[in-house]
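Colleague: Here is a sequence together with a model predicted from it:
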Amino acid sequence: MAEFFSFILYPVSAILWFWHKVFGAVLGPDNGFAWALSVFFLVFSLRVLLLKPAISQMRAGRKMAKFAPHIQKLREKYKNDRQRMAQEMQKLQSEHGVNPLGGCLPALLQIPVFLSLFHVLRNFHPGATSNYIFDQAGVESFINANIFGAKLGNWITQPANELALFGTDRASMMIVGIPLMCVASVATFFTMRISVKKQTDAAMANPQSAMMAKFMMYIAPIGAIISGWFLPIAVLLYWLANNVWTLGQQHFLTKKIDREQERERQREIEAKKSAPRPKPGQKPVRPESKPGEAEPASTRTGDGGKPAAKNGNGQRPGGRPGAKKNRPGKQAASAKKGKRRR
């Protein structure tokens with residue numbers, strides 16, 4: 001694992017080292033709260049870096065909501081042909097510029113960070129001379145730090161002899177660990193609840209999607225309590241900070257995207273108002289033909305032998321400007337009139 005995540009182990013430990021230097025200068029390098037704040041701000045630093053993908057995720061979700069009815073129609077139309085349905089769905093998503101994987105990107109990027117932090121914390125053990133960015137003094141500072149007697153790198157179910165080696169016991173670990181598990185579980189529940197509410201109506205109309213969303217809303221908090229017995233205290237702090245950040249981020253980003261959509265809606269309304277509209281009873285104006293272009297079909301002689309319409313000079317196509325054709329009746333009348341005068 002260390003070799004696979006080596007490209008991220010050093011950056012994660014470097015961010016943790018930086019914030020420990022900041023808070024350690026104020027509270028003391030061996031202070032447990034200085035290390036706890038370092039873990040919190042490690043999470044905040046990483047989430048700031050993931051802020052842009054999170055905004056893209058929310059925008060993609062709003063775009064998906066716009067053509068959700070089209071997706072539902074495709075599902076009903078091609079329910080017996082999954083391959084054709086996948087092709088049509090991909091075509092629809094490309095036309096609207098939506099990437100369904102964009103919604104998973106922030107969550108996927110947090111997985112290697114979580115595993116890297118867990119690995120860094122596990123390497124803080126007595127006798128270690130270094131831990132990635134941390135030197136021997138940094139390792140000893142982490143080992144000596146505690147919050148109400150609980151060591152940050154240990155977990156509740158750890159063997160008693162190992163806990164004694166770090167200078168703590170199971171009771172101290174439970175006093176700090178159990179409240180952290182409960183708070184992290186509650187924060188996880190509210191985070192999942194908001195996520196379920198933000199899902200589109202089309203997705204929730206699917207009974208399987210609705211059932212899975214509600215299932216995860218209750219299973220994830222239970223998972224936080226169960227896994228808390230086997231995770232270091234610092235990882236529980238990471239989990240708590242991550243959920244607190246997610247709650248605040250969802251609140252502010254939702255307002256931001258709502259304002260963007262409201263401005264877009266206002267622009268569409270203004271564009272419709274400013275668009276020219278024909279007056280009542282006015283016929284649509286036909287575009288004039290440019291020099292060198294063929295005349296419209298309505299002005300040419302049709303296949304049925306009907307005469308073409310006159311142009312602007314009162315002349316039919318093919319005639320000379322100003323020339324008028326004499327009708328047979330008029331020629332006969334003028335001939336009779338000439339004979340009488342004679």
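Modeller: Thanks, I have it. Residues are numbered from 1 along each chain as shown.
Colleague: how about Lys151, phi and psi?
Modeller: phi -80, psi 140 (degrees, to the nearest 10).
Colleague: for it, which residues make a bridge with it?
Modeller: Asn146 (DSSP bridges).
Colleague: buried ones in stretch 221-234?
Modeller: Neighbour-count burial for stretch 221-234 flags 221, 224, 228, 231-234 (criterion: 16 or more other CB atoms under 10 Å). To be clear about C-beta, it is placed using only N, CA and C from the backbone, and glycine gets the same treatment.
Colleague: wait, isn't Ile222 in contact with Ser185?
Modeller: Yes. Assessed by CB atoms under 8 Å, Ile222 is found in contact with Ser185 at 7.4 Å.
Colleague: Any idea which helix or strand in the chain has the lowest mean pLDDT?
Modeller: Least confident element among the helices and strands of the chain, by mean pLDDT, DSSP states H and E: helix 201-205 (a mean of 47).
Colleague: shaky segments in the stretch 1-150 of the chain?
Modeller: Of all residues in the stretch 1-150 of the chain, those with pLDDT under 70 make up the ranges 1-5, 60-69, 71, 93, 95-107.
Colleague: again, only this time at 50
Modeller: In the prediction, the stretch 1-150 of the chain carries no residues with pLDDT under 50.
Colleague: circling back to that earlier point, please produce TSV containing the buried residues of stretch 221-234, extended by pLDDT, distance to Phe189 and secondary structure.
Modeller: Listed next are those as TSV, based on pLDDT from 0 to 100; distance: CB to CB, whole Å; DSSP: H, G, I helix; E, B strand; the rest coil:
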residue	pLDDT	distance to Phe189	secondary structure
Pro221	85	4	helix
Ala224	83	9	helix
Gly228	86	14	coil
Leu231	88	18	coil
Pro232	89	22	coil
Ile233	91	21	helix
Ala234	89	22	helix
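Colleague: Return the member of the residues you listed nearest to Ile257.
Modeller: Pro221 (26.5 Å; CB to CB).
Colleague: Name all residues that make contact with the closest one.
Modeller: 185-186, 188-189, 192 (CB atoms under 8 Å, 6 or more residues apart in numbering).
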